[in-house]
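Engineer: Compute the structure for the input listed below.
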Amino acid sequence: MAENYTAKHFNVTFPQEYVAQVEINRPAQLNAFFEAMWVELGQIMNKLSHDPNVRAVIISGAGHKAFTAGLDVKAASGGLLSDSDGTNTEPARKAVHLRRHITEFQGCITAIEKCEKPVIVVMHGFSLGLAIDLSSCADVRFAAKDAKFAVKEVDIGLAADIGTLTRLPKIVGNFGWVKEVALTARIFGAEEALRVGFVSRVFDTKSEAIQGAIEVAALIASKSPIAVQGTKEILNWSRDHTVQDGLRYTTVWNSAALQTKDVSDALLSGIQKRKPQFAKL
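Structural biologist: Coordinates of the predicted model:
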């Protein structure tokens, strides 16, 4: 399976059956992102989403210093963050082009959220700026004890625009705390991230965090893929809609999803005390 995921800036491996691990692979630059990387990440996530041999995904960063230090500011200063595109394009037209660029960037990162398979992000070391955007799209967030987080964008003169300001308040449920860290760009650690609910587990080391993620991913992968996909879809829908809307959507979704052999297979396995085997999706 790994041969089908050749990537320039990411390592894609399969540590367990039905589990894929996507490792950001630019450790010498603290795994900082430039345009080709976010495009490639979006492509990888879209492919994993439809791969019947994948039921859960882990995202991590290579090296010991950083999950990702965020946007490669040096590369962006000559492109996305440049104050001049070398033309005399009027501001309105330049704004249209910039808006398209930002929307594309958002879409590549949102591919994590849209992935049909649950995504676990494992953060360690510097996890700044884009790291928060990226991890906020994930379903589960783990951290090593040495993780240092920051919503860093105000320090480079802009408001975070790839998803943090939209998703982070809904994750932690505390607008005051989000405003504090977003307006100050201050660094906060793994224990604070755990306390506010940004991450659900903290491990002593990066390797322990990744092993923990593999174990959780393998457990998810052992469940009915129909049930897992539906659970992720309904939770994400309900987050952005009213309770009544969520109930209605669940009704419509399950009216189709309940017509699966996975239900009887799961029930019989419990009665017969055996591990259920589910067809690929």
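
Engineer: quick one: the helix or strand of the chain with the lowest mean pLDDT to chain centroid distance?
Structural biologist: Taking mean pLDDT, DSSP states H and E as the measure, helix 73-76 is the helix or strand of the chain with the lowest mean score, a mean of 76. Chain-centre distance of helix 73-76: 22 Å, with Cα atoms, centre = their mean, to the nearest Å.

Engineer: After that helix, heading C-terminal, what element do we hit next?
Structural biologist: Moving toward the C-terminus from helix 73-76, the next helix or strand (DSSP states H and E) is helix 91-114.

Engineer: which strands and helices sit next to that following helix?
Structural biologist: helix 35-50, helix 130-136 (3 or more Cβ pairs under 8 Å, 6 or more residues apart in numbering; DSSP states H and E). For every residue, glycine as well, the C-beta is placed using N, CA and C.

Engineer: Identify all contacting residues around it.
Structural biologist: For helix 91-114, contacts defined as Cβ atoms under 8 Å, 6 or more residues apart in numbering pick out 35, 38-39, 41-42, 45-46, 49, 59, 80, 85, 89, 119, 130, 133-134, 137-138, 161-163, 236.

Engineer: how far is it from where the chain is centred?
Structural biologist: Distance, centroid of helix 91-114 to centroid of chain: 17 Å (Cα atoms, centre = their mean).

Engineer: just to revisit the earlier point, out of the helices and strands packed on helix 91-114, deepest packed?
Structural biologist: Of all these, helix 130-136 has the most neighbours on average by mean count of other Cβ atoms under 10 Å, namely a mean of 29.

Engineer: avg pLDDT for it?
Structural biologist: Summarised as a single mean, pLDDT over helix 130-136 is 97.
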